[in-house]
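Colleague: Predicted model and sequence follow; I will ask about them next.
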Amino acid sequence: MKKIRLITDGSCLGNPGLGGWAAVLKFNEHVKELYGSERETTNNRMEITAAVEGLRALKEPCQVEIKTDSEYVKNGITKWIAGWKRNGWKTGDKKPVKNRELWEALDAEQARHQTEWVWTKGHADDAENNRCDELAQRAAREQISKR
């Protein structure tokens, strides 16, 4: 099984606002950068989308270390999702889980792989996270010129 590093990030100009996501895949010396955008979205949606799209880009099951600066994404997929599913996609206070369709997509993509989630501090000295942030912000800003 291939060992892949996936670095993810999301960005939003306004919240909600113009959003961008980025995923950087690393396999040995190979690097693939992916990014995209949505017009009216939130930062959390872009953070989840980055992970979904990064995992979706893998064509075969892999061992994947996923690095994110979003505690929301890391905790959501590693700690909270089992309870959400058990409770019919309701939170602990009985409210519908926000971004359910993205969580379901992330759960399905993750199930194809062996994953390890790693949190890193955002906007710090992590070069991989900084590159991903740069791509996500670029994706969000590129929409301004398309208006």
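Modeller: Alright, I've got the coordinates.

Colleague: rest of the way, CA atoms for contacts and neighbours
Modeller: Noted.

Colleague: other SSEs contacting the helix or strand where Gly20 lies?
Modeller: In this structure, Gly20 sits in strand 17-27 according to DSSP states H and E. Helices and strands touching strand 17-27, by 3 or more CA pairs under 8 Å, 6 or more residues apart in numbering; DSSP states H and E, are strand 2-14, strand 30-41, helix 43-56, helix 127-142.

Colleague: Identify each buried residue in that strand, please.
Modeller: 17-26 (16 or more other CA atoms under 10 Å).

Colleague: Could you list the paired strands of it along with their orientation?
Modeller: Partners of strand 17-27 in the sheet, by DSSP bridges, are strand 2-14 (antiparallel), strand 30-41 (antiparallel).

Colleague: out of those strands, deepest packed?
Modeller: Across these, averaging neighbours per residue (mean count of other CA atoms under 10 Å) puts strand 2-14 on top, at a mean of 23.

Colleague: quick one: it to helix 43-56, angle?
Modeller: 160 degrees (axes from the mean of the first three to the mean of the last three CA atoms, to 10 degrees).
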